[in-house]
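A.B. asks: Give me a 3D structure for the following:
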Amino acid sequence: MIFAPGYQRYLTGTIMNKALPPWLKQTLPKPSAVLEMTDLMAGLRLNTVCQSASCPNLCQCFSRRTATFMILGGTCTRGCRFCAVNKGQPVPVDTEEPLHITAAVKKLGLEYAVITSVTRDDLPDGGAGHFSDTINAIHCEQPGVKVEILIPDFQGSAESLRIVLQSSPEVLGHNLETVPRLYPSVRPKAGYVRSLELLKMVKDIQPGTVTKSGIMLGLGEDTEEVINSMRDLKETGCDILTVGQYLSPSDKHHSVERYVPPEEFEYYSHAAEEMGFKGVVSGPWVRSSYHAAEVYHKVIGTLKVS
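C.D. replies: As a prediction, the model looks like this:
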């Protein structure tokens, strides 16, 4: 199957039997637009968050021969109620995966690679060593390729974070996802303060690293809560912020409480820029890796000037 089951819901214009607003409707693309990418990932035994999390931007990204690689297997040890990635008992880590990722980067001719993972609370380092091996493999085999990573919280481990930072990713992302009031229902095994502390630790350990985080809207938050969370992120030294619409992957996941109109996303974009974020991407279809390379280069330019 080319598309994950949840992805079909976005393409048909309905979620949980509710019609999507005009700004969230997409046209069903031709399967040929993504077939090559799907075959490549399958051939290299690689997962992508695009497929596993039923990302609504899958076809747009795959047709441009880009993807967000998902390492450490396809099964997560957490149970976040917004996420479509499989939950359960993970399989052993594939030690050949860094080489397969590097092969895919070369095959696709990528100049900017984005890598995330499932959460692996079963591993002593949370998978930090595997992140490091993957980043090092890309930097070694494909010099000049920039690497952006989106990491889990490593249960707040500073040592795991140091392991990852030793491989010098160009961007380190960790998503806040939502406001603190909604954590018990949306991210019951995560911690709002823990995520903020992790981002702050990045700047303490390796100040030159560009940091990034994202927030979803439509889960039941209000405007004041979103603004406060943005301020909390800025206080960690976070450089890049993404803000997007939450879309429920299935009837078993957290419901969509509201479809946020484009003008509200513009409001948050202006607010974030006024707070001092160096890069902001805010819109209904925005996800963590949305236009990641363009935003990175914009931020680097800003950092060089400042």
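A.B. asks: what bits of this protein have low per-residue confidence?
C.D. replies: Within the chain, the stretches falling below the threshold (pLDDT under 70) are 1-18, 26-42, 44-67, 302-306.
A.B. asks: now the helices for it?
C.D. replies: Counting by DSSP state H, the chain has these helices, from start to end: 5-11, 32-43, 49-52, 58-63, 97-108, 128-141, 158-165, 183-186, 192-205, 223-235, 262-275, 292-305.
A.B. asks: Could you figure out how far the fifth one is turned away from helix 128-141?
C.D. replies: Relative orientation of helix 97-108 with respect to helix 128-141: 40 degrees, computed using axes from the mean of the first three to the mean of the last three C-alpha atoms, to 10 degrees.
A.B. asks: And helix 97-108, what's buried?
C.D. replies: For helix 97-108, burial by neighbour count (16 or more other C-beta atoms under 10 Å) applies to 97-98, 100-105, 108. The C-beta positions use only the backbone N, C-alpha and C, and glycine is treated the same way.
A.B. asks: just checking, what packs against that helix?
C.D. replies: helix 32-43, strand 68-71, strand 112-117, helix 128-141 (3 or more C-beta pairs under 8 Å, 6 or more residues apart in numbering; DSSP states H and E).
A.B. asks: How far off centre is the shortest one?
C.D. replies: So that's strand 68-71. Remark: strand 68-71 is offset 9 Å from the chain centroid, using C-alpha atoms, centre = their mean, to the nearest Å.
A.B. asks: what are the pairing partners of that strand, and which direction each?
C.D. replies: Applying DSSP bridges, strand 68-71 is found paired with strand 47-48 (antiparallel), strand 112-117 (parallel).
A.B. asks: CA atoms only: put it into CSV for me.
C.D. replies: This file holds the C-alpha atoms of strand 68-71, laid out as CSV (Å, rounded to 0.1, in the frame of the first residue of the first chain):
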residue,chain,number,x,y,z
THR,A,68,11.8,12.6,6.8
PHE,A,69,13.6,9.3,7.7
MET,A,70,12.5,7.6,10.9
ILE,A,71,15.1,5.5,12.6
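A.B. asks: Closest to Glu170 out of the buried residues of helix 97-108?
C.D. replies: Each of the buried residues of helix 97-108 was scored against Glu170 by C-beta to C-beta, and Val105 proved nearest at 13.6 Å.
A.B. asks: How about the closest one: what's its closest non-neighbour residue?
C.D. replies: Nearest residue to Val105 in three dimensions, chain neighbours excluded: Ala113, at 5.1 Å (C-beta to C-beta, 6 or more residues apart in numbering).
A.B. asks: so Val299 touches Ile240, yeah?
C.D. replies: Yes: if you go by C-beta atoms under 8 Å, Val299 and Ile240 touch, sitting 6.0 Å apart.
A.B. asks: Residues in contact with both of the two, list them for me.
C.D. replies: The contact sets of Val299 and Ile240 overlap at 210, 278-279 (C-beta atoms under 8 Å, 6 or more residues apart in numbering).
A.B. asks: Distance to Pro90 for those residues - can I get that in TSV?
C.D. replies: Formatted as TSV, the shared contacts of Val299 and Ile240 follow (distance: C-beta to C-beta, whole Å):
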residue	distance to Pro90
Val210	29
Lys278	35
Gly279	33
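A.B. asks: Relative to Val260, which of those is nearest.
C.D. replies: The closest of these, once distances to Val260 are taken by C-beta to C-beta, is Gly279, at 20.4 Å.
A.B. asks: Looking at the strands paired with strand 68-71, which is nearest to Glu274?
C.D. replies: Nearest of these to Glu274, taken as C-beta to C-beta: strand 112-117 at 27.4 Å.
A.B. asks: Tell me how far that closest one lies from the chain's centre.
C.D. replies: The answer for strand 112-117 is 9 Å, by C-alpha atoms, centre = their mean.
A.B. asks: which of the residues in that strand are buried?
C.D. replies: Using 16+ other C-beta under 10 Å as the test for burial, strand 112-117 gives 112-117.
A.B. asks: Would you tell me which one of the helices of the chain is buried the most?
C.D. replies: Neighbour counts (mean count of other C-beta atoms under 10 Å) averaged over each of these peak at helix 49-52, with a mean of 26.
A.B. asks: coming back round to it: okay, the strands paired with strand 68-71 in TSV with distance to Arg181 next?
C.D. replies: Listed next are the strands paired with strand 68-71 as TSV, based on distance: least, C-beta to C-beta, whole Å:
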stretch	distance to Arg181
strand 47-48	32
strand 112-117	26
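A.B. asks: How many neighbouring residues does Glu148 have?
C.D. replies: When neighbours are counted by other C-beta atoms under 10 Å, Glu148 registers 25.
A.B. asks: Just list the residues touching it, thanks.
C.D. replies: Counting by C-beta under 8 Å, 6+ apart, Glu148 touches 112-115, 169-173, 212, 289, 292, 296.
A.B. asks: picking that back up, in strands only, show me the shared contacts of Val299 and Ile240.
C.D. replies: Cross-referencing the shared contacts of Val299 and Ile240 against strands under DSSP state E gives 210, 279.
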